[in-house]
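Engineer: turn this into a structure:
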Amino acid sequence: MDQKKLILASGSPRRKQLLEAIGIPFTIQTANTAEDYPEALSVMDIPVHIATNKAKTVAAITTATDIILAADTIVALGDSVLGKPRDLQEAKDFLKRLSGKTHQVITGVCLYYERKAHGFAVKTDVHFMELSDEQINYYVDHFAPMDKAGAYGIQEWIGMVGIDEIHGDYYNVVGLPVSAVKKALTALGL
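Structural biologist: Take a look at the predicted model:
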């Protein structure tokens, strides 16, 4: 019988680093996948839907015994989903909207194996203090908000100076709920 191999279906340096930190060997395989979703999905189901699409796309180009791990993170402010900003102005607008409020960071995870998708989502509540225009402009001008849901990275300057409270998994906000992923992979024998 072939040995199971784990494939991370993500080009995210943060997800790669977090998965390396728990000591499970893996390779990386990415494929262009649309990040759209049906409007009727709940905010908890949106990132699972996108992660599942990513996993299925990579599974189509790998062997049947591989376990594909895909993830997608969104930021939800009420009923609004803040994905990756389209431009710097939208990044600033997102941060202005998050200022002084609590939002949810939801990461959907899909483990695809034996030709079936097994998905789950983890939610973390995050509160930003009131952010000044100067803080928002500094962050957008000096960091990389464009590749992050909600236009921010908790591990970067804006998270360090602007976030005063989180409830839930910190690593989920970084981009991968490591403890939940480790538990699921252990159950699969990895």
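
Engineer: okay, CA-based contacts and neighbour counts for the rest of this
Structural biologist: Noted.

Engineer: tell me the pLDDT of the nearest residue to Glu35 once chain neighbours are set aside.
Structural biologist: Closest residue to Glu35 apart from its sequence neighbours, by CA to CA, 6 or more residues apart in numbering: Ile50 at 5.7 Å. The per-residue pLDDT reported for Ile50 equals 96.

Engineer: confirm Ile50 sits in a helix?
Structural biologist: Yes. If the criterion is DSSP: H, G, I helix; E, B strand; the rest coil, then Ile50 is within a helix.

Engineer: dump the residue contacts of it.
Structural biologist: Ile50 sits next to Ala34, Glu35, Asp36, Tyr37, Ala71, Asp72, Gly108 when contact means CA atoms under 8 Å, 6 or more residues apart in numbering.

Engineer: among those, which ones are in helices?
Structural biologist: Assigned to helices by DSSP state H, none of the contacts of Ile50 qualify.

Engineer: just grab the bridge partners of the residue positioned nearest the centre of the chain for me.
Structural biologist: Nearest to the mean C-alpha position of the chain, counting by CA atoms, centre = their mean, stands Thr73 at 2.8 Å. Per DSSP bridges, the residues bridged to Thr73 are Thr107.

Engineer: ditto for Glu165
Structural biologist: With DSSP bridges as the rule, Glu165 is bridged to His127.

Engineer: what subset of the contacts of Ile50 is buried?
Structural biologist: Ala71, Asp72, Gly108 (16 or more other CA atoms under 10 Å).

Engineer: mind checking how far the last one is from Lys16?
Structural biologist: For Gly108, the distance to Lys16 equals 16 Å [CA to CA, to the nearest Å].

Engineer: cool, Pro85 as well?
Structural biologist: With the distance defined as CA to CA, Pro85 ends up 22 Å from Lys16.

Engineer: how many other residues sit next to the closest residue to Ile166 other than its chain neighbours?
Structural biologist: In space, and not counting its chain neighbours, Ile166 is closest to Val126: 4.5 Å by CA to CA, 6+ apart. A count of nearby residues for Val126, using other CA atoms under 10 Å, gives 22.

Engineer: OK, contacts around Val126?
Structural biologist: Val126 makes contacts with Thr102, His103, Gln104, Val105, Ile163, Glu165, Ile166, His167, as judged by CA under 8 Å, 6+ apart.

Engineer: for Phe120, same thing?
Structural biologist: By CA under 8 Å, 6+ apart, the contact list for Phe120 reads Val48, Gly108, Val109, Cys110.

Engineer: and it, that's in a helix?
Structural biologist: No. Counting by three-state DSSP, Phe120 is not found in a helix; it is strand.

Engineer: before we move on, the earlier item: pipe the contacts of Ile50 into CSV and attach pLDDT and distance to Gly78 per row.
Structural biologist: Shown next, in CSV, are those (pLDDT from 0 to 100; distance: CA to CA, whole Å):
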residue, pLDDT, distance to Gly78
Ala34, 83, 24
Glu35, 82, 20
Asp36, 85, 19
Tyr37, 90, 18
Ala71, 97, 22
Asp72, 95, 19
Gly108, 97, 18
